[in-house]
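Trainee: Okay, structure incoming, though there's no sequence with it:
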């Protein structure tokens, strides 16, 4: 047998090539990337648009005004000052003054405020027509019934009054009178509350006293009191029962004086009474 020579040849395995993705897989990857970029770009653009709207949107700020109260200083030991009213008088009226630091607005001595005297038919004293009456100032004296209860020591009262009367009239009849009486305050009263309290005490003392009361009522009783503002002052309107008759007064204090103001008379002439009220309403206190 022939000698056969065997040569051992090593077996070499072929190297395997790396797997290459198919075309369909690449298409999917590319589409996924494009979709992702589109979403990202859309979100960015949306954010930019929202930001622009926020910036361009106006901001409204409502400012509310702040009010601060005006500070006031009150001195309890002094009487507050009230602005004086601006008075406009009818044509022909003028202010006249005498005592008590008060001006009286007086109408002219002419019709309709003046009643020419009729010598051929003298009227009864209670009639104004034909009486020769006019508003005379200063004219008349009447006892200050309330203020007199507050007199101390040798203090005396003063008075200014306007009376509807004829020049030579002396009958004692009062058609209409506006009267202002006063006494010095002298620091006794700083307000009307103190005044009314003191007056009430003095009236009670008078009512229970045994002194001779002469022409005055036996008793005085304050029936009603109303605080209000008049003449640029804080005042008190009173209704006082004097015996069995009710009478009206106005009282008040200033740093200088204590006042009693009254309108009274017996006329039935409405125009005369209205004129008296107009004088009263337009008194001017310094």
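Mentor: Noted; the coordinates are in hand. The shown structure was predicted, so the numbers you read here are calculated from the model rather than taken from an experiment. Residues are numbered from 1 along each chain as shown.
Trainee: give me the low-pLDDT residue ranges for the chain?
Mentor: 1-29, 31-33, 35-36, 38-40, 42-87 (pLDDT under 70).
Trainee: again, 90 this time
Mentor: 1-91, 98, 118-125, 129, 140-141, 153-155, 168-172, 211-215, 286 (pLDDT under 90).
Trainee: residues making contact with the host helix or strand of residue 197?
Mentor: For residue 197, the element it lies in under DSSP states H and E is helix 192-208. By Cβ atoms under 8 Å, 6 or more residues apart in numbering, the surrounding residues in contact with helix 192-208 are 146, 149-150, 188-189, 218-222, 225, 227, 234-236, 251-253, 258. No exception for glycine: its C-beta is placed from N, CA and C like everyone else's.
Trainee: how about a cut-off of 7 Å?
Mentor: Outside helix 192-208, the residues that touch it by Cβ atoms under 7 Å, 6 or more residues apart in numbering are 146, 149-150, 189, 219-220, 222, 225, 227, 234, 236, 251-253, 258.
Trainee: what's the answer for stretch 143-152, then?
Mentor: Here stretch 143-152 has contacts from 157, 159, 181, 183, 198-199, 202-203, 206, 216, 240, 249, 251, 258, 260, using Cβ under 7 Å, 6+ apart.
Trainee: tell me which residues of that stretch are tucked away?
Mentor: Of the residues in stretch 143-152, 144, 145, 146, 147, 149, 150 count as buried by neighbour count, 16 or more other Cβ atoms under 10 Å.
Trainee: ditto for stretch 262-275
Mentor: Neighbour-count burial for stretch 262-275 [16+ other Cβ under 10 Å]: 262, 263, 265, 267, 269, 272, 273, 275.
Trainee: which one of the residues you listed sits closest to residue 174?
Mentor: Residue 174 lies nearest to residue 265 out of these, by Cβ to Cβ, at 4.7 Å.
Trainee: Is that closest one in contact with residue 175, as I believe?
Mentor: Yes: the criterion here is Cβ atoms under 7 Å, and residue 265 meets it with residue 175 at 5.3 Å.
Trainee: Tell me, how many residues neighbour residue 198?
Mentor: The number of residues packed near residue 198 is 15, by other Cβ atoms under 10 Å.
Trainee: ok, now how distant is it from residue 204?
Mentor: The gap separating residue 198 from residue 204 is 11 Å, by Cβ to Cβ, to the nearest Å.
Trainee: Just to be sure, residue 240 is in a strand?
Mentor: Yes: assessed with DSSP: H, G, I helix; E, B strand; the rest coil, residue 240 lies in a strand.
Trainee: and it, what is it in contact with?
Mentor: Per Cβ under 7 Å, 6+ apart, neighbours of residue 240: 146, 220, 221, 222, 223, 247, 249.
Trainee: Can I get the buried ones among those as something I can paste into ChimeraX?
Mentor: Buried residues within the contacts of residue 240, by 16+ other Cβ under 10 Å, are selected in ChimeraX with:
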select :146,220,222,247,249
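Trainee: Just the contacts of residue 240: which are in strands?
Mentor: In strands, judged by DSSP state E, the following of those are found: 220, 221, 222, 223, 247, 249.
Trainee: Would you reformat the contacts of residue 240 as CSV and include distance to residue 132?
Mentor: Formatted as CSV, the contacts of residue 240 follow (distance: Cβ to Cβ, whole Å):
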residue, distance to residue 132
146, 33
220, 36
221, 39
222, 39
223, 37
247, 28
249, 30
